[in-house]
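> pasting the sequence and the predicted coordinates here, then a few questions.
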Amino acid sequence: MNLYRANLQMVGKLAVVALLMFAFGYGLVPLYRAICEMTGLNVLALNEQVVSAGKSTAPANSQVDQSRTITVEFDANARGPWEFRPAQRSMQVHPGELATVMYEFQNVQNRRMAAQAIPSYAPQQSAMYFNKLECFCFKQYTLEAGEKKSWPVAFVIDPKLSKDVKTITLSYTFFEVGAATPPAPVVSLKVDAIGTEGT
């Protein structure tokens, strides 16, 4: 009889422990969310807060220089019988801001081809501040006859770029692999109204 009673006590203790563990696990989610909201440690929790006007209360990206705007011009050069162009000719970006542009390509020949692109920048000094996070450049692509492709270029301009630079031209030369590699295109420089080179 004592063994039966001891077993019942053990089962009761285990049931209490199991209930406490379940309650602790269930309460962790709101507790974690409350701590993150108070300390600001979890940006995802902050992004979930939406005010009645529909705007997020998440803090602004402090790495974006809102006081400056740079015009980025997009250029495309095809060395061969195919079509290659940017989806848009230019865009306005703030230094530190993530931006994306699409480039479109079509093999208009009646045969398969392999090709790749090389980039160039104007002014040349902007190359070290033009950070591409995603790019089709320096990769070889095989396209069937008549095939169309669209490729993204995601980039961020480093806020350390000289404030004299108001315009950057990103130019790609697309050429067939196996043919002679063409020289980088020469991009003409424009002079800003204040007399400094701006592209």
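Okay, I see it.

> does anything pack onto the lengthiest helix in the chain? Which helices or strands?
Counting by DSSP state H, the longest helix found in the chain is helix 2-39. Counting contacts by 3 or more Cβ pairs under 8 Å, 6 or more residues apart in numbering; DSSP states H and E, helix 2-39 packs against helix 43-47. Where C-beta positions appear, they are placed from N, C-alpha and C, glycine not excepted.

> which of the helices and strands in the chain ranks last by mean pLDDT?
Across the helices and strands of the chain, mean confidence by mean pLDDT, DSSP states H and E is lowest for helix 43-47: a mean of 45.

> give me the mean pLDDT for the longest helix of the chain.
Per-residue pLDDT over helix 2-39 has a mean of 78.

> just stretch 164-182 next, same as before
Averaging pLDDT along stretch 164-182 gives 80.

> hang on, the earlier thing: buried ones in the longest helix of the chain?
By neighbour count on 16 or more other Cβ atoms under 10 Å, the buried set for helix 2-39 is empty.

> what does stretch 117-134 give?
For stretch 117-134, a neighbour-count test (16+ other Cβ under 10 Å) marks Ala117, Ile118, Pro119, Ser120, Tyr121, Ala122, Pro123, Ser126, Tyr129, Phe130 as buried.

> just the residues contacting the strand or helix carrying Phe74, thanks.
Using DSSP states H and E, Phe74 sits in strand 70-79. Applying Cβ atoms under 8 Å, 6 or more residues apart in numbering, the external contacts of strand 70-79 come out as 84-86, 88-95, 99, 101, 103, 155, 157, 161, 165-176, 179, 182, 185, 187, 199.

> got a markdown table for the buried residues of stretch 117-134, with pLDDT and distance to Arg5 too?
Below are the buried residues of stretch 117-134 laid out as a markdown table (pLDDT from 0 to 100; distance: Cβ to Cβ, whole Å):
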| residue | pLDDT | distance to Arg5 |
| --- | --- | --- |
| Ala117 | 87 | 82 |
| Ile118 | 88 | 84 |
| Pro119 | 91 | 81 |
| Ser120 | 91 | 87 |
| Tyr121 | 92 | 84 |
| Ala122 | 92 | 89 |
| Pro123 | 93 | 89 |
| Ser126 | 90 | 83 |
| Tyr129 | 93 | 79 |
| Phe130 | 93 | 79 |
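
> done for today, thanks.
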